[in-house]
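> Give me coordinates for this.
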Amino acid sequence: MPKRLTPALATALVLLSIMILAFFLDMYPSRRKESGRFKIHEVKKNVSSIQTTIAYIGKLDSIPCRIYLRKSDNRPLAKKDYFFSKGTLRERSKGHYIFKPESPWEPIEKSWSLAEWRFQMKERVKKKIHTRFKNPKVAALLSGLATGNLENPYLSYHFGAVGLSHLLAISGFHFALLTFFLASILKRILPEKPLALALILLLGTYFFYMGGGPSISRAWIGVLLYLVGILFGYRTTPLNALGVALLFALISDPFVITNIGFQLSFGATLGIILFYRILEEKFTLFLPKRPYIVLTEMSTLDQCGYILCAYLRKGLALQASVLAFTLPLILFHFETFPLISLFYNLFVPFLFAALLALFLLHADMLVEPIASFLITLVEGTPRKLLFKINTVQALILGSAILGFVYWRSFRTRKKKGCKTSPSH
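Numbers count the residues shown, from 1 in each chain. Predicted coordinates:
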């Protein structure tokens with residue numbers, strides 16, 4: 001194993017150990033807490049088939065919790081902190097709490113929060129999107145991508161059933177697309193350092209608009225370190241950027257380690273950093289690379305076939321590197337894994353990238369057909385294809401695939417060794 005991977009693997013082991021131990025150590029607060037200061041970080045609208053509620057997400061003193069209220073015009077505004085003299089703290093799951101106030105919301109003077117501003121801005125964005133697109137499902141999907149909160153429970157269910165719910169959560173994928181889109185426009189008028197400063201300001205505004213969720217904070221810190229490096233003439237490594245984001249998340253909220261989204265986001269990114277290049281090299285045994293000179297001599301049909309094979313090689317390597325850490329976490333939390341996601345994740349993210357780019361360019365004539373196709377594809381997946389595997393089946397399947405890959409690798413090396421060995 002190359003020496004350069006030693007610190008990376010050590011970081012991975014420490015990260016996984018923290019994640020696993022967090023579920024077994026008794027590090028959570030008492031349920032008996034009945035009063036305290038509630039600092040609001042975010043306000044979300046939760047829509048179900050039964051009713052619509054408003055969720056206030058924040059901390060009761062130092063305890064992360066949520067308060068749910070029925071949708072009402074007289075709801076408390078999330079512009080300040082509030083004090084509750086009496087209430088009930090209930091554990092929804094390990095490390096996640098719901099607080100039910102039993103006293104009036106007492107606003108605390110000289111306190112402030114951006115949560116209400118974010119909520120109102122997102123509501124305005126949603127209204128504009130619903131005005132632009134008459135198809136309610138298309139408007140709901142695009143509103144979810146623009147605000148980070150998909151309010152259509154049926155779409156959420158169908159995307160989750162085929163293993164594509166990660167595309168609906170704002171993460172590094174969306175930050176990378178937005179950065180590329182803005183840089184493509186601004187680099188025509190700005191040199192490198194002013195461009196980096198402009199991107200910091202624009203993406204910083206986007207970060208404050210979206211809120212500081214675990215995947216959003218990780219993506220923002222990674223992009224910020226890269227852009228600051230351009231300003232001051234140094235280049236950070238992806239592993240260092242991930243480490244800084246992890247430390248920032250743990251210092252600001254130690255209980256975030258119990259958040260499933262946090263675990264999957266950091267685990268997926270760590271897997272890509274550590275294993276993507278190695279796995280892509282392994283997949284060249286099945287989908288080999290060709291020199292440029294050989295490509296120029298191919299027919300147009302063969303060139304198209306090679307491009308497709310190269311796309312598959314990179315897509316398979318990316319999926320395998322992501323699943324290196326996220327698959328154990330998915331099986332631990334949900335005990336099943338949808339196999340159809342392996343197929344859908346090869347091409348649906350590309351369609352999402354095209355959808356977002358066209359949406360930002362206001363190419364609505366193309367946006368609506370692509371969004372409708374994605375929704376139909378996800379909702380129309382035959383039930384026979386929605387089979388899932390459990391932990392034991394995943395271990396057997398994973399062992400078989402790894403065994404086949406290493407057997408094929410061993411055979412290829414053996415053949416190369418026979419060809420290069422001197423004849424007697």
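> For residue 83, what is the enclosing helix or strand?
strand 82-84 (DSSP states H and E).
> give me the number of residues near residue 386?
14 (other Cβ atoms under 10 Å). Heads up, the C-betas are built off the backbone N, CA and C, glycines and all.
> which ones are touching it?
Residue 386 makes contact with 161, 162, 338, 340 under the criterion Cβ atoms under 8 Å, 6 or more residues apart in numbering.
> mind listing what's buried in the helix or strand encompassing residue 307?
For residue 307, the host element (DSSP H and E) is helix 300-334. Neighbour counts over helix 300-334 (16 or more other Cβ atoms under 10 Å) mark 306, 309, 313-331 as buried.
> Tell me where the longest strand sits in the protein.
Counting by DSSP state E, the longest strand found in the chain is strand 36-47.
> what lines up beside that strand in the sheet?
Here strand 36-47 is paired, per DSSP bridges, with strand 52-60 (antiparallel), strand 82-84 (antiparallel).
> Let me see the residues that make contact with the first one.
In other words, strand 52-60. With Cβ under 8 Å, 6+ apart, strand 52-60 has contacts from 33, 36-46, 64-72, 75-76, 78, 84, 89, 97, 99, 115, 253.
> per-residue confidence averaged over that strand?
What strand 52-60 shows for mean pLDDT is 89.
> now that strand, how far from the centre of its chain.
Computed by Cα atoms, centre = their mean, to the nearest Å, the chain-centroid distance of strand 52-60 equals 22 Å.
> could I have it exported to PDB, CA atoms only?
The C-alpha coordinates for strand 52-60 follow below in PDB (Å, rounded to 0.1, in the frame of the first residue of the first chain):
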ATOM      1  CA  THR A  52     -48.800  20.700   7.800                       C
ATOM      2  CA  THR A  53     -46.600  21.600  10.700                       C
ATOM      3  CA  ILE A  54     -43.900  24.100  11.300                       C
ATOM      4  CA  ALA A  55     -40.600  22.700  12.800                       C
ATOM      5  CA  TYR A  56     -38.400  25.000  14.800                       C
ATOM      6  CA  ILE A  57     -34.900  23.400  14.800                       C
ATOM      7  CA  GLY A  58     -32.400  24.600  17.300                       C
ATOM      8  CA  LYS A  59     -30.900  24.000  20.800                       C
ATOM      9  CA  LEU A  60     -32.500  24.100  24.200                       C
END
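> List the buried residues of that strand.
Neighbour-count burial for strand 52-60 [16+ other Cβ under 10 Å]: 54, 56, 57, 58, 59, 60.
> about what we covered before: heading C-terminal from the strand holding residue 83, find the next helix or strand.
Next element after strand 82-84 (DSSP H and E): strand 87-93.
> strands paired with that next one, and their directions?
strand 96-101 (antiparallel).
> re earlier: counting neighbours, which of the contacts of strand 52-60 end up buried?
33, 36-45, 64-67, 76, 78, 84, 89, 97, 99, 115, 253.
> if we can go back for a sec, tell me which of the strands paired with strand 36-47 sits nearest to residue 209.
When the strands paired with strand 36-47 are compared for distance to residue 209 using Cβ to Cβ, the nearest one is strand 52-60, at 15.9 Å.
> Against which helices or strands is the helix or strand just after the closest one packed?
Elements were assigned by DSSP H and E; along the chain past strand 52-60, the next helix or strand is strand 63-70. Using 3 or more Cβ pairs under 8 Å, 6 or more residues apart in numbering; DSSP states H and E, the elements in contact with strand 63-70 are strand 36-47, strand 52-60, strand 96-101.
> The same query, at a cut-off of 7 Å, please.
Contact partners of strand 63-70 among helices and strands, from 3 or more Cβ pairs under 7 Å, 6 or more residues apart in numbering; DSSP states H and E: strand 52-60, strand 96-101.
> Reformat these as a markdown table; add distance to residue 285.
Putting these into a markdown table (distance: least, Cβ to Cβ, whole Å) gives the following:
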| stretch | distance to residue 285 |
| --- | --- |
| strand 52-60 | 47 |
| strand 96-101 | 44 |
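> I'd like to know which of those lies nearest to residue 139.
Once these are compared by Cβ to Cβ, strand 52-60 is nearest, at 16.7 Å.
> so that closest one versus strand 63-70, what angle?
Orientation note: strand 52-60 sits at an angle of 160 degrees relative to strand 63-70 (axes from the mean of the first three to the mean of the last three Cα atoms, to 10 degrees).
> Residue ranges in the stretch 1-150 of the chain under the pLDDT threshold?
1-33, 94-95 (pLDDT under 70).
> Let me see the ranges of the helices in this structure.
According to DSSP state H, the chain carries its helices in the segments 6-21, 115-132, 136-147, 153-161, 172-186, 192-210, 214-232, 238-252, 260-283, 292-296, 300-334, 340-360, 364-379, 391-420.
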